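> Generate a structure from the sequence data that follows.
(4 chains)
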4 protein chains.
Amino acid sequence: MKIGLVGLGKMGGNMARRLRRGGIEVVGYNRSSAIVEQLADEEGMIGADSLADVVAKLDAPRAVWLMLPCGEPTEQAIEALIPLLDEGDTIIDGGNANYQDSQLRGVMLADHKINFIDSGTSGGIWGLANGYCLMVGGEEEAVAAIEPVLKVLAPADDRGWAHVGPIGSGHFTKMIHNGIEYGMMQAFAEGLDLLHGKEEFNLDLAQITELWRHSSVVRSWLLDLTAEALSSDTKLEQIAPYVADSGEGRWTAIEAIEQGVPAPVMTLALQMRFASQDETGYGNRLLSVMRNAFGGHNIKDAN
Amino acid sequence: MKIGLVGLGKMGGNMARRLRRGGIEVVGYNRSSAIVEQLADEEGMIGADSLADVVAKLDAPRAVWLMLPCGEPTEQAIEALIPLLDEGDTIIDGGNANYQDSQLRGVMLADHKINFIDSGTSGGIWGLANGYCLMVGGEEEAVAAIEPVLKVLAPADDRGWAHVGPIGSGHFTKMIHNGIEYGMMQAFAEGLDLLHGKEEFNLDLAQITELWRHSSVVRSWLLDLTAEALSSDTKLEQIAPYVADSGEGRWTAIEAIEQGVPAPVMTLALQMRFASQDETGYGNRLLSVMRNAFGGHNIKDAN
Amino acid sequence: MKIGLVGLGKMGGNMARRLRRGGIEVVGYNRSSAIVEQLADEEGMIGADSLADVVAKLDAPRAVWLMLPCGEPTEQAIEALIPLLDEGDTIIDGGNANYQDSQLRGVMLADHKINFIDSGTSGGIWGLANGYCLMVGGEEEAVAAIEPVLKVLAPADDRGWAHVGPIGSGHFTKMIHNGIEYGMMQAFAEGLDLLHGKEEFNLDLAQITELWRHSSVVRSWLLDLTAEALSSDTKLEQIAPYVADSGEGRWTAIEAIEQGVPAPVMTLALQMRFASQDETGYGNRLLSVMRNAFGGHNIKDAN
Amino acid sequence: MKIGLVGLGKMGGNMARRLRRGGIEVVGYNRSSAIVEQLADEEGMIGADSLADVVAKLDAPRAVWLMLPCGEPTEQAIEALIPLLDEGDTIIDGGNANYQDSQLRGVMLADHKINFIDSGTSGGIWGLANGYCLMVGGEEEAVAAIEPVLKVLAPADDRGWAHVGPIGSGHFTKMIHNGIEYGMMQAFAEGLDLLHGKEEFNLDLAQITELWRHSSVVRSWLLDLTAEALSSDTKLEQIAPYVADSGEGRWTAIEAIEQGVPAPVMTLALQMRFASQDETGYGNRLLSVMRNAFGGHNIKDAN
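Now for the predicted structure:
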């Protein structure tokens, strides 16, 4: 099988490698061309120098997989591809789009008789070695047509991909996956913070996280990675206490509100990241002022 | 009526004033004596230079009201008073003790036939002018005996004090009061933070808090004070984004856990104060490391 | 001054009364006509039997105040009014619209040279007697033109209305107000739940809420109403433990996510309402299954 | 090596089996004797009919491992063992005690020159097959003396046990482990609840949880068990939406408050369990009454 791959960054580049090593022909394009040449050299990828070139080097019915940042870049690539593609061709968005955008894109592409597949993709930088977990939304036939690609991207046991439902459901499932990830991460962070804060026991967090990997209830891949990271540094003094967040965590929290479902753990995990990012502290300044106003409590001066 | 008052700080000093102006004889003692002299001069308070002197200057059955920091200072004063007092005398703790400590003190003093009353006291620095809200726990007779004092401390309308239940229930009720206070304060802080963050509207928070004081659903004394504080400074640039917490907020959160009652708003209000106090940020550093470990996301360097 | 008033329900009907009693001429219209006749009889309101009739009975430049449910009804009324109105006329939306919808409506009406004002309105069923708190967004001139109306609707002291900013800012400010309201209500509910759950003290919640109204830090209008409600029934056995939510609580929580501001108290207050509404309990069933799966813990059977 | 094992319930019974299969001599005692006989028959365990009998059948220096419910039963067993044991003997508490109780027990036993070890034990009903994760607190020598036992209980790779610190630190580490477990479980429950609630996608939760087990970021043992449980039933209609909680979740939340560390995810996970257990709904009834009081909103009648 032959597939176009647009966007050869951290995720896309590794996917090209895994596909090539699994025997898939890949026509790859990236805005900056160095990685295109490198992957052509090292992996036998067919390089392309434009979207038109990608399309030209594929045979109908074509499949073009996008691994681009969500929002503008994905939107622009889809719009640019429409006039280049034919009826029956397929665009797969493997990035982290909002599922509602994906639903709209599906409708829009259907007008052009172009298939759309949304593939939520988990696995991060480890996907090259371990395979990716692929949550695929789209129409039956369109998904069936790219099965060889999905099988190679997924782990070797062929159980790491699934067609979960209609267009949008792949990105929806990935969004919820990330919401759970936020909650799990925050749970570990809180627990380790409490171990760290218990000075009288002088606990070794590298030892304990490694210990928990074996037969405990909290064993998990996130714990594996945490134990690995702590094994070389438990003090983390060079790391700023700043936690970035991405679209998917926010979308999950909003989805919960729109469904009217209480999801306090996912939501708080997100909000604690916000708190870590807060530079103004306006709300806290105000609380300090309020305490002073009713109780005469001391205010701590800003430096 | 005549009462002993031990502890003439921010709260106790004002209570001495209010009692004197309401016609109560006050025998006042404080560790540092300047305030004793001042209140003797200005308010006609009877100064005492030791706990023994307080007791000596009262007539049996005596009532001694403590306004001391909770924990050690209150504990020590009670222990020192026991041998000085007689059967039928009464100790009132008007400070912010843990209600379980108050229950134990009640039992211990009962062994000496000394009455104990726990009076949760709200009103802060405004109590001198407005009167205090007094939540009183104790035995019927003991409370009845100090009614003249309670009536003067409460607002002029005689509706700001109540005997709410047995020993411990006064401090319990005050503890819950403070838990509610934490939740209300955090609600205002979050809301005003969101108004402040909405740059496109360039809202005037002094104007809006003043506006809400009139017929809105959120009108409240805390809003009155907030509007007053913001009327002279809405930027709060001299105020550190650091919010202290006190025992009562923590005790309320623990009480909720022990009752098995969900109290997320009170608890989160407390936890956000903890977050404002966090100097190590260990949990957040860890989250940043975890994101890097699975997804290769950038870490922000400390300093 | 003369104003059109469309929507004479619980809020709109009382506003018609307050306007009339303040000397404003009101042309009132409501889908069901009984209330129109009643207000004409009782208050001297000028009745109208259609939007066209409202417009016909006003003199240019006209002002039409809408008090309709948000969403469809408001949208339809605005669309129906456009062809009936002239350049320089003004539509005021006094309902609870999403501020982003109001911003779009402002832009759309500006194309027709019709002014738009969004007035967030607080005060509930008590507004007739106490006046309303009005948070007004719009252009300077348009707002100035309806000042006589705002002054009558606001409390008698002329401090219950304010022009807070451009179109949208009125509904934005009202939205945040309601978010704060959610947090305050939940804080009181949690606190009273904990008082109620402390069986050993057998506390009287009617007594305590009344007590707190006098000089405590938590005194507030919501407390006044709560004390009033509890004075006749503290058991609440006839009341279902079901708490509805409205658009504004949800919008506030989403706004916080979009601003990237932690607002856990407002958000949790909303999510606890969701929990009270939950009929399926799917998440909790799942947790019970998970506990059984790893620890062999008992599962409680559904009846 | 030979060890006494007191308490042969769900956990203790399986531990006896694992120890026997690993070549450890076990003197086992249980209040109800049927399991003693069964384990003697099936596993060659040495049965005992009293604590005195356990002690009599061991050689000094003895080690007695307790697997009893926390609180009273553990307390009573320790008190009964003291006069039976000699200096230099060791009691190990492998149950879920509060670490502060364990610290006190350590001090008390030290007075009798008896060693105390607290072993937090994770692994649940799967420990027999997979081994247990053992977080061990105690003095170096005492722990070294029972290493053969720890090695057999832990997974075969000898990495599932560790001596984490002084007396108390084992139960402390296990407590935090369980706090993390609460957070992870709640994160999964919330995410799956949102997938379940998205009716338009008609998602198959058995498929998705199975899918996530392969290369996703959330892969974990809890997910393995959840996927297994959902594979036979995704509707969960026979399961009540009631989630029990245990001491460790509560202790973790209280520890966070006492450390002054924000741990909202662990705490909320606990509080949502409380909400699932709430039969009175008093707080929610009150909120419904408050909404009615200020806004005239409908109240839903109970039944």
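
> mind listing the helices for the stretch 1-150 of chain A?
Taking DSSP state H, counting those that start in this stretch as the criterion, the stretch 1-150 of chain A contains helices spanning A:10-21, A:34-43, A:51-56, A:72-81, A:99-111, A:127-130, A:140-145, A:147-153.

> same for the last one, what does it pack against?
Contacts defined by 3 or more Cβ pairs under 8 Å, 6 or more residues apart in numbering or on different chains; DSSP states H and E place helix A:147-153 against helix A:10-21, strand A:133-137, strand A:161-165. Bear in mind the C-beta positions are built from the backbone N, C-alpha and C, glycine included.

> buried stuff in it?
A:149-153 (16 or more other Cβ atoms under 10 Å in any protein chain shown).

> any chance of the residues you listed in JSON lines, plus distance to residue B:238?
Listed next are those as JSON lines, based on distance: Cβ to Cβ, whole Å:
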{"residue": "A:149", "distance to residue B:238": "60"}
{"residue": "A:150", "distance to residue B:238": "59"}
{"residue": "A:151", "distance to residue B:238": "63"}
{"residue": "A:152", "distance to residue B:238": "61"}
{"residue": "A:153", "distance to residue B:238": "56"}
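
> Tabulate those (JSON lines), appending pLDDT.
Formatted as JSON lines, the buried residues of helix A:147-153 follow (pLDDT from 0 to 100):
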{"residue": "A:149", "pLDDT": "97"}
{"residue": "A:150", "pLDDT": "97"}
{"residue": "A:151", "pLDDT": "97"}
{"residue": "A:152", "pLDDT": "97"}
{"residue": "A:153", "pLDDT": "97"}
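
> Can the helix or strand residue A:192 falls within be said to contact chain B?
Take DSSP states H and E as the rule and residue A:192 turns out to sit in helix A:169-197. Yes - residues of helix A:169-197 contacting chain B under Cβ under 8 Å from any Cβ of the partner chain: A:185-186, A:188-190, A:192-193, A:196-197.

> Go back to those and keep what's next to chain C.
Among these, chain C is touched by none when using Cβ under 8 Å from any Cβ.

> Out of these, grab the one that's most surrounded.
Neighbour counts for the residues of helix A:169-197 next to chain B (other Cβ atoms under 10 Å in any protein chain shown) peak at residue A:186, which has 31 neighbours.

> from the middle of its chain, how far away would the helix-or-strand element of chain A with minimal mean pLDDT be?
Ranked by mean pLDDT, DSSP states H and E, the weakest helix or strand in chain A is helix A:282-295, scoring a mean of 91. The chain centroid and the centroid of helix A:282-295 are separated by 39 Å, computed with Cα atoms, centre = their mean, to the nearest Å.

> now that helix and helix B:10-21, what's the angle there?
If you take axes from the mean of the first three to the mean of the last three Cα atoms, to 10 degrees, helix A:282-295 sits at 30 degrees to helix B:10-21.

> and helix A:282-295, what does it pack onto?
Partner elements for helix A:282-295 (3+ Cβ pairs under 8 Å, 6+ apart): helix B:169-197, helix B:221-232, helix B:264-277.

> State the distance from residue A:30 to chain B.
Residue A:30 is 17 Å from chain B, where distance means Cβ to the nearest Cβ, to the nearest Å.

> Look up how far residue D:85 lies from that residue.
72 Å (Cβ to Cβ, to the nearest Å).

> I'd like the residues of helix A:169-197 next to chain B written out as TSV, with pLDDT added.
Below are the residues of helix A:169-197 next to chain B laid out as TSV (pLDDT from 0 to 100):
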residue	pLDDT
A:185	97
A:186	97
A:188	97
A:189	97
A:190	97
A:192	97
A:193	97
A:196	97
A:197	96
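
> re earlier: the helices of the stretch 1-150 of chain A into TSV, with extra columns for distance to residue D:55?
Formatted as TSV, the helices of the stretch 1-150 of chain A follow (distance: least, Cβ to Cβ, whole Å):
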stretch	distance to residue D:55
helix A:10-21	62
helix A:34-43	69
helix A:51-56	79
helix A:72-81	72
helix A:99-111	65
helix A:127-130	52
helix A:140-145	67
helix A:147-153	62
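
> Which of these has the lowest mean pLDDT?
Least confident of the helices of the stretch 1-150 of chain A, judged by mean pLDDT, is helix A:127-130 with a mean of 93.

> quick one: that one to chain centroid distance?
15 Å.

> and residue A:287, what is it in contact with?
Residue A:287 is in contact with B:185-186, B:189, B:243, B:273, B:276, counting by Cβ atoms under 8 Å, 6 or more residues apart in numbering or on different chains.

> got it, and residue A:286?
Per Cβ under 8 Å, 6+ apart, neighbours of residue A:286: B:188-189, B:192-193, B:226, B:236.

> near chain D, which of those residues show up?
When contact is defined as Cβ under 8 Å from any Cβ, those do not meet chain D at all.

> correct me, but residue A:290 touches residue B:226?
Yes - if you go by Cβ atoms under 8 Å, residue A:290 and residue B:226 touch, sitting 5.8 Å apart.

> Give me the common contacts of the two.
residue B:188.

> returning to what we had before: would you turn the contacts of residue A:287 into CSV with distance to chain A?
What follows is the contacts of residue A:287, written out as CSV (distance: Cβ to the nearest Cβ, whole Å):
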residue, distance to chain A
B:185, 5
B:186, 7
B:189, 4
B:243, 4
B:273, 7
B:276, 4
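
> and which of those residues is nearest to residue B:261?
Closest approach between the contacts of residue A:287 and residue B:261, by Cβ to Cβ: residue B:186, at 18.5 Å.
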